[in-house]
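[1] output the structure for:
(chains A and B)
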Amino acid sequence: MTTTKNTGATKNTGATKNTGATEPTAADPAAPAFAVRDLWKVFGPKADRIPGNPEYRILSTAELREKTGCTAAVRDVDFDVQRGEVFVVMGLSGSGKSTLVRTLTRLIEPTSGSIAMDGEDVLGMDKNRLRELRRRQTAMVFQNFGLLPHRSVLDNVAYGLEIQGVGKAERRAKAQEIVEKVGLAGMEERRPGQLSGGQQQRVGLARALAVDPEVLLFDEPFSALDPLIRRDMQEEVIRLHREEGRTMVFITHDLSEALRLGDRIMLMRDGAIVQLGTPEEIVANPADDYVRDFVRDVPREQVISVRRAMRPADAAESATGTELAPDTLVVDAIEAVANSGEPCRVVEDGRTLGIVDHERLLAVVAGIDGGSDTEGKEVAAI
Amino acid sequence: MSSAPAPALEDKAPPAQLAPAGAAKEPGFLARLAGHPKAALLTVAVLVAVVSALVTSSGTWPGGWTFGIRSPLSDAESWLANNRESHPIFLYFLLHISNAAESSVDTLVTFLETLGVFGVTVAAVLIAWVAGGADLSRRALRTAGTALGAFVVIGLLGMWEPAMETLGLMVVCVAAAAIVGALLGLWAGLSDRGQRILRPVFDTMQVLPAFSYLLPFVLIFGVDVPSAFVATVIYAAPPMARLTALGLRGADKTALEASTSLGANSWQQLWTARLPLARRQMLLGLNQTIMMCLSMVVLASVVGVSGLGAEIYTALSTVDTGLALSPGIAIVLIAIWLDRTTAAAGERLDDPCQGKGGPKTWFVWLGVIALTTAGTVLGSILGKQEWPDTWVIAIAAPVNAVVDWVETTVGSGVPVVGGTITLASGFATYVINPVRDGLEATPWWALLLVAGVLAYLAGRWRAAVTTVLALGVIGGMGLWTRSLDTLSVVLAALALTLLLGFAIGTFAARVGWVERAIRPVLDTLQTMPQFVYMIPAIALFHGGRTAGVVAAVLYALPAVIRITTQGINQIDPSALEASRSLGSTTGQQLRQVQLPLARSSLLLAVNQGVVLVLSMVVITGMIGAGALGVDVVTGLAKDDLALGLTSGIAIVCLGILLDRISQPGADVKGDTSR
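    Modelled structure (predicted):
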């Protein structure tokens, strides 16, 4: 490996696992994987006059287009992606999420703002440094796979390594290992055209994994797949994340996918952030009517935990009853309450935090537990 | 064919037909016209033309408005003849091209002769086999079998030697055209500026008749291989360039983005993603380039290149069908062999089951070389370097006997129909002549007006100005009457082509088995060089303008049928289904859904028909059709380049004029060039 490595980034490939955060040059180990500030991407004539102009900032997308001929795909976006988390960006088509993920590695050049990866300024990178970043620190999985039809599965998986300049034998050995990891063993010599959609996306995933990136970027990777296959692939991603703990930025328009995968979810609309929080926060405390509309059909009991559903315990209750951890989902609490026939205690470190009973749990299921409780306030904080 | 007076409609009938129809309808003809400014404009122009034609009944370009172009051209020719050996531009540039072309063609022909009959056949068969996949699959064996059959029949017909001469020139031209085309295609595919510059050039080149490519190079290089080489390369490179650019631009965007996202630099992206993704299109381009090279190399016999073309040329000039048939068949066989071989290579790329060859490919090619050498050695041991004369089957005499019999039987005196010769003269008298007389009777300014209006409707001011300028140049060179003569043949052939093409194309689109039946025929017809189409024409009609019309129709028909069928088949099936679910009859479906939705394809078919018909009509000058073509041939034959070149320029002007008038709009124009 050392003979073929370029000088730009010296990192020990073995150490990247589980931490997902080794340091290329000038990296700050404490910094988040991505820190994005005031990011704008405007398409159109003289796009760079838009972000700095307070007059334009308040306009809606349609008004802006009418007035200036420009389309703001990403509007004044701030967020951090923590190391090791699955960060989901979710929104309908045209909300700017795909543009946003491409600006992270400057596949699309942002109009203004700042992006830091591991504390290093991405927008300040020269061509070579940027190429190094794309080669070794990030890898992307695309909605339409983007496989090379004239190459075998194995050579497709090895493609990123080939671009890095890794020798043929070595890259094929590495690719073989990854092919087995994503469950494509035995198909190495097939062409992408002979595979089903799900298998093709496994190749796309394997290609991204093969370069052993710190951050995996997913651009609606499973939208083109059948529902059953999509579920399989989501589980594959969850499994990979559990095993390797790699940082993932995941773009989707599918709310249930976002809720399944995301440690945190960033909801976008018309290029701007509507809400950013854990799945539970978003479902329990929608920031506005738009989000509320979005999460209306979500089975709340599968997202909301008992910490949010409980009421204060009175003295008599705090000593008896089944114990539940505070992050137990309501759906599991219902089972426990039904089995024991009495309210359960929510216990953390031996201390009773509160009580869940039939009434509280049913309120969650029915969606009448209210979004304006005290805990709702913290949702707004990013 | 009795329905042929259609061309006359083009400049006379519309107002006559429209007027009563308009009068009968309620809103009134004039009122309806006012609602359609385009139609009104066209009607006015045509009316002006017809009325002025009836009033003046003679409309030649005014004699005072011509500029003598022939004497400066003659001067240029003699200057070139005197300075060809001494002027620096020749010494340091042009002579290098001509010497390189000549010596490489000589080397190749000598090489092919050295290989001998066995060596060449073995090599051709093996190359076809490798292109088909180098295994025992049906495709590989079929391709190899085609090659074997082609070469054996060429030998049997006694055409081995001219075929090798043609092949030698072909190989050099294809190599040069493919390289030039690929480089231009890279430029146009990777740079937007390249695309902007090259596209209009290619568009125009596609319109020009093949004949007109030869003349300027004859002026520069003189009559021989170099001018044929340069003309062929320039003629054949555009499809390669176009399709390379198309392939590079049409590559899967996500795959390219994926390669960028993995950190590929531009070279890596070009080599590992862009070019491989464009491979299919590039191979298609190579196929077209090869076919155009063959067509041009054969045509180059008129500038004194020996080979199969020269055999046909000699035979045609004496109207000897029997002699023309052998080289004609040989050319068709070479075309089929080359087409099937490149097509098989293309199919193999499409085939997802095909594993990657790696070391196997090297091994196979080594085997090809070894076996070819073995064949060569075997041939020289047996003393059979050339095809033995005793194995030649002379078909000229029996073919001529058949042709004579046909001529005496169906040539004339057949009840009701009249016979081919009678038909031919009838067609000339009752269709082509009236069109020509009509055109000549119309004053020149009225024709300019009609052409300008037509072009304006097709492509706005730019097209109108180009068209009027083109006509002006024709008039200015004093070729007004000759050009109208050619135009009358073109219009007659075009009307027939479109009539037959739309009818057959629509029929094929509606009836599945018809399409399946005619598709292989169309495939074969589209690969054949233009020269070959004249052979049946002279066999049946003895030459002359009707023979020219028939050759042009045969040549242009396949493309028109194909585009029509494709256009009708490509329309949104749900639209047709909706119409059927409403209970429409077949005729209603056709009139109300299929034809209107296929409109852009039909317009494209018209445009292609115009271009192809003109190209062929000009070449049929060799058998006495199309005035300008005759002048070109005479100019070349009598070494009167000034005559040939002025006619050539007039042909180019006609080509641009007809193309601009029939332009279906830039967005629908595709890559259906030959």
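[2] which SS state does B:T254 fall under?
    The local conformation at B:T254, judged by DSSP: H, G, I helix; E, B strand; the rest coil, is helix.
[3] the nearest residue to it once chain neighbours are set aside: what secondary structure?
    Distance criterion Cβ to Cβ, 6 or more residues apart in numbering or on different chains; nearest residue to B:T254, sequence neighbours excluded, is A:G146 at 3.5 Å. Heads up, the C-betas are built off the backbone N, CA and C, glycines and all. Assigned by three-state DSSP, the conformation of A:G146 is coil.
[4] and A:G146, what does it touch?
    Taking Cβ atoms under 8 Å, 6 or more residues apart in numbering or on different chains as the criterion, A:G146 is in contact with A:G204, B:D252, B:T254, B:A255, B:L256, B:E257, B:A258, B:S259.
[5] switch to 6 Å and redo it
    B:T254, B:A255, B:A258 (Cβ atoms under 6 Å, 6 or more residues apart in numbering or on different chains).
[6] what's the neighbour count on the last one?
    The criterion is other Cβ atoms under 10 Å in any protein chain shown. On that basis, B:A258 has 28 neighbouring residues.
[7] and the second one, by the same measure?
    By other Cβ under 10 Å, the residues close to B:A255 number 25.
[8] what pLDDT does it get?
    The score at B:A255 is 89. That number is its pLDDT.
[9] give me phi/psi at the residue nearest to it when sequence neighbours are not counted?
    Leaving out its chain neighbours, the residue that sits closest to B:A255 by Cβ to Cβ, 6+ apart is A:G146, at 4.5 Å. The phi/psi pair for A:G146 (degrees, to the nearest 10) reads phi 70, psi 40.
[10] alpha carbons of the longest helix along chain A, in CSV - could you do that?
    Longest helix in chain A, counting residues (DSSP state H): helix A:227-244. Taking C-alpha atoms only, helix A:227-244 is exported to CSV below (Å, rounded to 0.1, in the frame of the first residue of the first chain):
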residue,chain,number,x,y,z
PRO,A,227,-40.0,-1.7,-1.7
LEU,A,228,-38.8,-5.1,-0.6
ILE,A,229,-35.4,-4.7,-2.0
ARG,A,230,-35.2,-1.3,-0.6
ARG,A,231,-35.9,-2.7,2.9
ASP,A,232,-33.1,-5.2,2.4
MET,A,233,-30.7,-2.5,1.4
GLN,A,234,-31.6,-0.3,4.3
GLU,A,235,-30.9,-3.2,6.6
GLU,A,236,-27.6,-3.7,4.8
VAL,A,237,-26.7,0.0,5.6
ILE,A,238,-27.8,-0.4,9.2
ARG,A,239,-25.6,-3.5,9.5
LEU,A,240,-22.6,-1.8,7.9
HIS,A,241,-23.0,1.2,10.2
ARG,A,242,-23.2,-1.1,13.3
GLU,A,243,-20.1,-3.0,12.2
GLU,A,244,-17.9,-0.1,11.1
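[11] per-residue pLDDT, residue 161?
    Defaulting to chain A. A:L161 carries a pLDDT score of 91 in this model.
[12] you looked at the wrong chain, it should be chain B
    According to the predicted model, the pLDDT of B:E161 comes to 86.
[13] now do the buried residues in whichever strand or helix holds it.
    Secondary structure assigned from DSSP states H and E places B:E161 in helix B:160-190. Of the residues in helix B:160-190, those with enough neighbours to count as buried (16 or more other Cβ atoms under 10 Å in any protein chain shown) are B:160-174, B:176-178, B:180-182, B:184-189.
[14] look up how far chain B lies from A:R230.
    As defined by Cβ to the nearest Cβ, to the nearest Å, A:R230 lies at a distance of 18 Å from chain B.
[15] give me the three-state assignment for the residue in the stretch 1-150 of chain B that chain A sits nearest to.
    Ranking the residues of the stretch 1-150 of chain B by distance to chain A (Cβ to the nearest Cβ) places B:G133 first, at 15.1 Å. Of the three states, B:G133 takes coil according to three-state DSSP.
[16] A:F79 too?
    In three-state terms, and counting by three-state DSSP, A:F79 is strand.
[17] Provide a list of residues in contact with residue 92.
    Using chain A. Applying Cβ under 6 Å, 6+ apart, one finds that A:L92 lies in contact with A:H253.
[18] near chain B, which residues of the stretch 151-300 of chain A? Just list them.
    Selection of the stretch 151-300 of chain A residues close to chain B by Cβ under 6 Å from any Cβ of the partner chain yields A:G160, A:I163, A:R191, A:G193, A:Q194.
[19] what pLDDT is listed against the fourth one?
    So that's A:G193. According to the model, A:G193 scores 86 on pLDDT.
[20] how far away is it from A:Q199?
    11 Å (Cβ to Cβ, to the nearest Å).
[21] these two: which is more packed in?
    Neighbours were counted for A:G193 and for A:Q199 using other Cβ under 10 Å; A:Q199 has more, 19 against 13.
[22] the more buried one and chain B: what is the separation?
    From A:Q199 across to chain B, the span is 13 Å (Cβ to the nearest Cβ).
[23] B:I571 reaches B:P596, doesn't it?
    No: counting by Cβ atoms under 6 Å, B:I571 sits too far from B:P596 to count as a contact (9.0 Å).
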